[in-house]
Every structure is written in C-alpha cells, then in structure tokens.
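Visitor: The sequence and its predicted three-dimensional model are supplied below.
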Amino acid sequence: MTMTIDQMSARYVDPKMKEAAAKIPSRIVSADDHVFEPHDLFKSLPQHIRDRAVNPPLETANRPKGGLDPKLRVPDMDLDGISAAVLYPTYVLRQFAAEQDVQEACFRAYNDWIAEYCKTAPKRLFSIPCLSVYDVKGAIKEMQRCHDLGLLGGMIWQVPDPKLPLTSTHYDPLWAAAAEMGFPIHLHILTGHNYKRHEAKGMEKIRGSVNIKTNDAVTSIYDLIWSGVFSRHPKLKVVMVEAEIGWMPFMLQQWDYYYKRNTKPGHPNEDFLIDRLPSEIFKDHVWATFMDDVVGAHMLKVWGADNCMWSSDYPHGNMTWPNSRAFLGRMIGDLPLETQKRLVCDNVVELYRLQDRL
C-alpha cells in the first residue's frame, strides 16, 4: 500500500495548525534527527564482533527513505522547510549496552559511515559521533579523529554501566578534553543500560516509555551537576537529547530549593560539591532538545529559551515531518520572534559553531 505523507508522519494536522506555521521563522535547524543504518554496516568487522552486535534490519518499512539515503533526505528537508539537521543513529544507539570491544568496533564503523553520509550535503547535514567510554583515552582519540572527519562533539551513554556512574572521576579526562576542544558531550535517550534492554507490554511498557525514561534523564543531569563536573570543568557543555523539556524547570526548582535549604547565605555547604544554584549551573552548561512538548513550550515563556533546541526526529515514527512548521506554530507561535529564532535555529548554530558552515 502506498502511504500518503500525512500518514507516514503519523500526526494529524488541522487547518489552524497549518495557519500557525506562517508565524515560524524561515530558517529552521533540527537539533535531533536520525538515520537508518545500512544492514551491512558491520560487514567488515570480525565475525566475533558481528555475532554480538545489534545489526540493523534488512529494510525499514513505511519510513522516509532519506533516513538511509542522504540524496533522498535533502528533498524531504526541503518539503518540511528544514535548513539543516544534526543527526544521530537508530540501531547503533543499542550498542551503548554492548561489551567494550563490540562498542568500539561498531562505533568506529558507524562514525566512518555517517561522515560519508553527511558529505552529500555538508552545509545541511551534521552528525554527532558515538564514543565508547570504557577506555576514556580511546574515546578522546576517537572524538578527535571524528572531528577531523567533520563530525560534531561526541555522544556517550545516558545510562552508564553501573560500575562507571557519571559521578565517577573516570570521565574527567574526557570532560577536560571536550571542554578544551569546545566539543559538546551528548546524552541521548535509550543509550546504555536503560529500560529498553528488557521489553515490556501493557502498563509496564508505558512505565518505561514515560516514568523510567524521564527518571533516567533526570538522574543523568543531576549526577553531572551535583557531583561537581561543571565546577571542575567550567568550559564543558552537555546536551540532553530527546528527553523533552517540560520536566526540567520543575526539577531545577526543586534542586534549588534543597540547595538553599541546606546552605547558609555566603557559606557554601561543605558536604556539597557545588557552590551555586543548580539552575545557574544548568543555564551555563546544559542544553536540551524538544520535539512535540506542549507543556515544555508553555514554560518557554519564562525559562529555557537560551538552552533549548527544537528537533523533528525524522525519520522515526514520532517525527513531525512533513508538518514540522505547523507543529512549531502550535507550540511556540505565540512567543516573540527573536525567541522563536533562538529555539529553532540560533541556539543550535551557536552551540556547534556552525556560523561559517551553513
């Protein structure tokens, strides 16, 4: 059966939303798009690696073909009014729960492939390389290698191996290198030792998709802020990807409350590894992507305009393509034009220093 564009997007757009699209700035950069990796991505790897890797399927039915073919992606971007996109993997995300040797081999193969993919439209397609952080020195070398290939920053697991929590100083050499190079570190949902490793049904499926997924994101940001990572590395930037944003101002409010409750003015709590409000640390060091988050959009009137970045999630089932402008109109069409520009373009361009690359 041939599907229509609206059916492929799996999102109904009413006339009012289409009218709202006219309010959105002309230049839009998606901060979180994806690719579909080719089924033979790991063909050159040793058999003992391939046997333990999560291999991409032979085909991805009923999804835009631009996920696999960059030459087809560009027309889809034009259809959706997207000027540029920051890309993440799909099936390779699952390798963040793999053993060290599998991770390192698969990530290197993926990073090489996505670098070639982006060369099709180097002023429109940008990507974040995957880094295995069991060996932090190796991760730093791979991050530098990928930078030489034109890739941006680096992505590590959002839910780490329990033996290597984000509070550990194990990561300090990576934080230091990323800060010195000006490379943002990215934490994408469904990476690492997360709930998706154990398939669930019914009530438990929703618990994972909402409660546990959000808790994973909360914990990652909490650990980075409260363990003093940004105090030790004041130039480090971190991006929380695809966890939405509606929960963030509430959690920051709560962390600030308990920080102040346990700290006397002018006398930092010696038991704390931070000496200022968590919300201030977040504002200086953490960015976040959102897609179709109406609650989060309401909060943008008072919070997050400089730290949040919109994304379309193309070509996944959650994508707003090809009606992204309409969904943006519904969510942020009532915000001042300058704020809209920051959310749909300027924050991404500034974070990744793309001013001369677009």
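Guide: Everything's here; your move.

Visitor: mind listing the strands for the stretch 1-150 of the chain?
Guide: Secondary structure of the stretch 1-150 of the chain (DSSP state E, counting those that start in this stretch): strands at 29-34, 84-88, 125-127.

Visitor: For Pro64, find the nearest of these.
Guide: Closest to Pro64 of these, according to Cβ to Cβ: strand 29-34, at 10.6 Å. Every residue, glycine included, has its C-beta placed from N, CA and C.

Visitor: okay, which residue is most central for this protein?
Guide: Closest to where the C-alpha atoms of the chain average out (Cα atoms, centre = their mean) is Val241, at 2.4 Å.

Visitor: who does it bridge with?
Guide: Beta-bridge partners recorded for Val241 (DSSP bridges): His188.

Visitor: Return the distance of it relative to Ser220.
Guide: Distance check for Val241 against Ser220: by Cβ to Cβ, to the nearest Å, it reads 11 Å.

Visitor: Name the residues contacting each of those two.
Guide: Leu187 (Cβ atoms under 8 Å, 6 or more residues apart in numbering).

Visitor: can you pull out the helices in the stretch 1-150 of the chain?
Guide: 5-9, 15-20, 47-50, 70-80, 100-118, 136-148 (DSSP state H, counting those that start in this stretch).

Visitor: Would you mind listing where this structure has pLDDT under the threshold?
Guide: The chain contains residues with pLDDT under 70 at 1-13, 59-61, 197-198.

Visitor: what about the closest residue to Trp247 other than its chain neighbours, how many neighbours?
Guide: Among residues not flanking Trp247 along the chain, Thr214 sits closest, at 5.9 Å (Cβ to Cβ, 6 or more residues apart in numbering). Burial of Thr214 is recorded as 16 neighbouring residues (other Cβ atoms under 10 Å).

Visitor: so is Thr214 in a helix, a strand, or just coil?
Guide: Secondary structure, DSSP: H, G, I helix; E, B strand; the rest coil: Thr214 is helix.

Visitor: Distance from the helix or strand hosting Glu338 to the middle of the chain?
Guide: Per DSSP states H and E, Glu338 falls inside helix 337-341. Centre-to-centre, helix 337-341 and its host chain are 21 Å apart (Cα atoms, centre = their mean, to the nearest Å).

Visitor: Would you indicate which residues of the helix or strand following that helix are buried?
Guide: With elements assigned by DSSP H and E, the helix or strand that comes after helix 337-341 is helix 347-351. In terms of neighbour count (16 or more other Cβ atoms under 10 Å), helix 347-351 has its buried residues at 347-349, 351.

Visitor: just checking, what packs against helix 347-351?
Guide: Packed against helix 347-351 by the contact rule (3 or more Cβ pairs under 8 Å, 6 or more residues apart in numbering; DSSP states H and E) you find strand 29-34, strand 308-310.

Visitor: I'd like the ones you listed as TSV, with mean neighbour count and distance to Asp69 appended.
Guide: Shown next, in TSV, are these (neighbours: other Cβ atoms under 10 Å; distance: least, Cβ to Cβ, whole Å):
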stretch	mean neighbour count	distance to Asp69
strand 29-34	26	14
strand 308-310	27	24
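
Visitor: Switch those strands over to JSON lines; also include distance to Leu277.
Guide: Listed next are the helices and strands packed on helix 347-351 as JSON lines, based on distance: least, Cβ to Cβ, whole Å:
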{"stretch": "strand 29-34", "distance to Leu277": "26"}
{"stretch": "strand 308-310", "distance to Leu277": "19"}
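
Visitor: And those: which comes nearest Phe96?
Guide: Nearest to Phe96 among the helices and strands packed on helix 347-351 is strand 29-34; the distance by Cβ to Cβ comes to 14.8 Å.
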